[in-house]
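# Fold the following for me, if possible:
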Amino acid sequence: MTPQDTPRLLEDARAWLAQDPDPETRAELDALIVAAEAGSAEAVDDLHARFDTRLEFGTAGLRGRIEAGPNRMNRVLVSQAAAGFARWLLEHAEGGQPSVVIGYDGRKNSDVFARDTAELMAGAGVRAVLLPRLLPTPVLAFAVRHLDVSAGVMVTASHNPPQDNGYKVYLGGENHGSQIVSPTDAEIEAHILEVARGDIGDLPRSEQFEIASGDVEAAYIEATAAVATTTSPRDAVTFAYTAMHGVGWRTAEAVFERVGFSAPVVVAEQRDPDPAFPTVSFPNPEEPGAMDLSYATGRAAGVDLIIANDPDADRLAVAIPDDSADGFRRLSGNEVGALLGWRAADLAERTSTAGAAFGALACSIVSSPALAAVAAAYHLDFADTLTGFKWVSRAPGLIYGFEEALGYLVNPQTIRDKDGISAATAFLDLANELAASGRTIADHLDAFAERFGYFASDQISIRVTDLSRIGEIMAALRSTPPSRLGEVAVDHIDDLRDGFGALPPSDVLRIVLADGSRVMVRPSGTEPKLKIYIDASSDEGDVPTRRATATARVAALADAMRALTQ
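You can find the predicted model right below:
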């Protein structure tokens, strides 16, 4: 969008101010307007950043910093989104009244944005059901199917920084409660832009929305507890748990108790929801330092495992004891994903009346090829999908899916999104089953490497201040593709820009090396980063040899990609 001239910019800012019902963002924007009118170049630049463009409603919904303006998260923008989505639902209602269930987490303004959505949906003629309290994202995703509604809205920014919030959308019916995909996002966005031409004060509102009973969470707890299947003692493994200042603890505690797991040692400082996230600089278990408190808690208690959810509890991190100074090593998303995939395949085989596993395993294209090896060994179907559970969850015949960014779907019969609580239940179930025969998760990782090969992975994130730099790197890789990476020849490069096989178009390059190693390059969908995913494996020699070979291949490829993308 072309930058606005200052008079037009101020006119748009005043129009926004006039319809903003939030006193905090009103005061903030009023001060910016006054400063800009007084000649402050900094204030003018800030207004340009907020008003020259707007947050686009995409397949991941909306996500951004809580501030005034169309390029930020606030009550005006959320009201426009809710009203636009309501119009889309009414347009696709096919004669009946559409319905929506709305959930929210513990972030700043999550409850406010959720109530605005409920009132605007009800005012537009959509049956709106608001969950009774702040709850994990998986409970909302479950509720879409459990209540058999047309759609779901979850107000959350997941593991983003404290100043952010977001708005995720799910569809029921034939979509089975999955997040939206294209072209639905563009259709909803068109309605939102139409709403944005007017004043949100003119939109009809109603308080005639429903508050869901506690039966929804109770049903989620019961369904999630059923993920545990071991007949071995379920309380043999001790573990620490952190909710990362999010909403996971109360629901997770109920599930763990219902299953019969040992009572976790809770990271008390991070147990309860706190939108300031005071003990972590970035509330994402993948970030350095985010799990330090859980490591300290685990060391003090001498636990066997550490279980961590992110703030909206749709992701799971697991740490196991080691000899490091921390006393624990966080498993990668690929390691957890592979072990849970093996568990799913083995369970499918054990419970099949035909004596053979059936169904499909699926993971995103940037996740480890280890899951494909499991599928092949069990003669299961396998699907690699574009990044995001909106794609993973749609794999035909799915019995399990994951992506390397700590997302796992272990019970697709009840939920069609990643779920950190059900994944924790499955992982603890596996750990207790192993403990019954004197084995640990570390032992099981070695057993995986012995059976399927050792799979090593690494990831490089190139953060940029100028987004054009990402496009430049991708263009350079396409115009002058590498013939070698380090000492290994490139076998072929798949460009997914125009689609590839069954995969829809995506700005992704897949570089396949002569030794079977793989490098994936793609822009991040949520941050100003170029992301590079590196995978290599080895099935020759004993486990230590396989580990050393695969790890060395990954390290060499990482060095080569850093040099190539400088």
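# Bridge partners for the closest residue to residue 409 other than its chain neighbours, pull those for me.
Spatially, and ignoring its direct neighbours in sequence, residue 409 is nearest to residue 401 (4.5 Å; Cβ to Cβ, 6 or more residues apart in numbering). The way it works is simple: take the backbone N, C-alpha and C, and place the C-beta from them, glycine included. Note on residue 401: beta-bridge partners residue 362, residue 409, judged by DSSP bridges.
# Please list all residues in contact with residue 421.
136, 138, 224, 248, 251, 252, 255, 309, 313, 316 (Cβ atoms under 8 Å, 6 or more residues apart in numbering).
# Tell me which helix or strand comes right after the strand or helix carrying the fifth one.
Per DSSP states H and E: residue 251 is located in helix 248-259. Per DSSP H and E, the first helix or strand lying C-terminal to helix 248-259 is strand 265-266.
# mind listing what that following strand pairs with, with the direction of each?
strand 239-242 (parallel).
# Now find how far off-centre the partner strand is within its chain.
Offset of strand 239-242 from its chain centre (Cα atoms, centre = their mean, to the nearest Å): 21 Å.
# can I get the CA coordinates of it in CSV?
Taking Å, rounded to 0.1, in the frame of the first residue of the first chain, the C-alpha atoms of strand 239-242 are listed here in CSV:
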residue,chain,number,x,y,z
PHE,A,239,7.4,-35.4,36.1
ALA,A,240,7.4,-31.6,36.5
TYR,A,241,4.9,-29.5,34.7
THR,A,242,4.9,-25.9,33.6
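# pLDDT on it, on average?
Strand 239-242 shows a mean pLDDT of 98.
# same deal with stretch 266-282?
96.
# And it, what's buried?
Buried residues in stretch 266-282, counting neighbours by 16 or more other Cβ atoms under 10 Å, are found at 266, 267, 269, 270, 271, 273, 274, 275, 277, 279, 280.
# Count the neighbours of the nearest residue to the last one once chain neighbours are set aside for me.
Leaving aside its sequence neighbours, residue 280 sits nearest to residue 290 (Cβ to Cβ, 6+ apart; 5.0 Å). Around residue 290 there are 24 other residues, counting by other Cβ atoms under 10 Å.
# just checking, residue 307 touches residue 426?
No: if you go by Cβ atoms under 8 Å, residue 307 and residue 426 don't touch, sitting 11.3 Å apart.
# can you pull out the helices in the stretch 401-550 of the chain?
Here the stretch 401-550 of the chain has its helices, by DSSP state H, counting those that start in this stretch, at 420-435, 441-452, 468-479, 543-564.
# Most neighbours among the contacts of residue 421, which one?
Counting neighbours by other Cβ under 10 Å, residue 248 comes out on top of these with 34 neighbours.
# Now for it: which residues touch it?
Residue 248 is in contact with 136, 309, 310, 311, 312, 313, 420, 421, counting by Cβ under 8 Å, 6+ apart.
# Show me which pair in these is furthest apart.
Using Cβ to Cβ, the two most remote members of the contacts of residue 248 are 311 and 421, lying 13.0 Å apart.
# check which helix or strand covers residue 154.
strand 151-155.
# Out of the contacts of residue 248, flag the one nearest to residue 447.
Ranked by distance to residue 447 (Cβ to Cβ), these are led by residue 420 at 24.8 Å.
# Who are the contact partners of the closest one?
So residue 420 contacts 136, 138, 248, 309, 310, 313, 314, 315, 316, 406, 408 (Cβ under 8 Å, 6+ apart).
# Kindly recompute the last result at 7 Å.
For residue 420, the contacting residues are 248, 309, 310, 313, 314, 315, 316, by Cβ atoms under 7 Å, 6 or more residues apart in numbering.
# how much space between it and residue 316?
4 Å (Cβ to Cβ, to the nearest Å).
# Give the residues shared as contacts by the two.
Going by Cβ under 7 Å, 6+ apart, residues that sit against residue 420 and also against residue 316 are residue 309.
# Tell me where the stretch 101-250 of the chain has strands.
Here the stretch 101-250 of the chain has its strands, by DSSP state E, counting those that start in this stretch, at 127-130, 151-155, 164-171, 178-179, 210-211, 239-242.
# Dump the ones you listed into CSV; add mean neighbour count as well.
Putting the strands of the stretch 101-250 of the chain into CSV (neighbours: other Cβ atoms under 10 Å) gives the following:
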stretch, mean neighbour count
strand 127-130, 22
strand 151-155, 28
strand 164-171, 25
strand 178-179, 25
strand 210-211, 12
strand 239-242, 28
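# May I see these organised as TSV, with distance to residue 375 added?
As requested, those are exported to TSV (distance: least, Cβ to Cβ, whole Å):
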stretch	distance to residue 375
strand 127-130	38
strand 151-155	30
strand 164-171	27
strand 178-179	21
strand 210-211	42
strand 239-242	29
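# How many residues are close by residue 431?
Neighbourhood size, residue 431 [other Cβ under 10 Å]: 26.
# What pLDDT does the model give it?
In this model, residue 431 is scored at 98, pLDDT.
# Report the contact partners of residue 490.
Counting by Cβ under 7 Å, 6+ apart, residue 490 touches 482, 483, 484, 511, 513.
# which one of the residues you listed has the most neighbours?
residue 511 (23 neighbours).
# Roughly how far does it sit from residue 482?
7 Å.
# next one: residue 207
Using Cβ to Cβ, residue 207 is found at 60 Å from residue 482.
# now residue 194
Distance, residue 194 to residue 482, by Cβ to Cβ: 46 Å.
# Same question for residue 339.
For residue 339, the distance to residue 482 - Cβ to Cβ - is 33 Å.
# One more: residue 512?
12 Å.
# ok, now residue 413?
For residue 413, the distance to residue 482 - Cβ to Cβ - is 44 Å.
# go on, residue 34?
54 Å.
# Per-residue confidence at the closest residue to residue 273 other than its chain neighbours, what does it come out as?
Residue nearest to residue 273 in three dimensions, not counting chain neighbours: residue 106, with 2.9 Å by Cβ to Cβ, 6+ apart. Reported pLDDT at residue 106 in the predicted model: 97.
# my read: residue 106 touches residue 246, true?
Yes: at 6.3 Å, residue 106 counts as touching residue 246 under the criterion of Cβ atoms under 7 Å.
# Just want to know which of these two has more residues nearby.
residue 246 (31 against 22).
# Now do the same contact list for the nearest residue to the more buried one once chain neighbours are set aside.
Counting by Cβ to Cβ, 6+ apart, residue 311 is the residue found nearest to residue 246 once chain neighbours are left out, at 3.0 Å. For residue 311, the contact set (Cβ under 7 Å, 6+ apart) comprises 105, 158, 159, 244, 245, 246, 247, 283.
# what about the fourth one, neighbour count?
For residue 244, the count of nearby residues is 31 (other Cβ under 10 Å).
# So it is in contact with residue 307, correct?
No: taking contacts as Cβ under 7 Å, residue 244 lies outside contact range of residue 307: 11.1 Å.
# of the contacts of residue 490, closest to residue 214?
For those, the closest approach to residue 214 (Cβ to Cβ) belongs to residue 511, at 50.7 Å.
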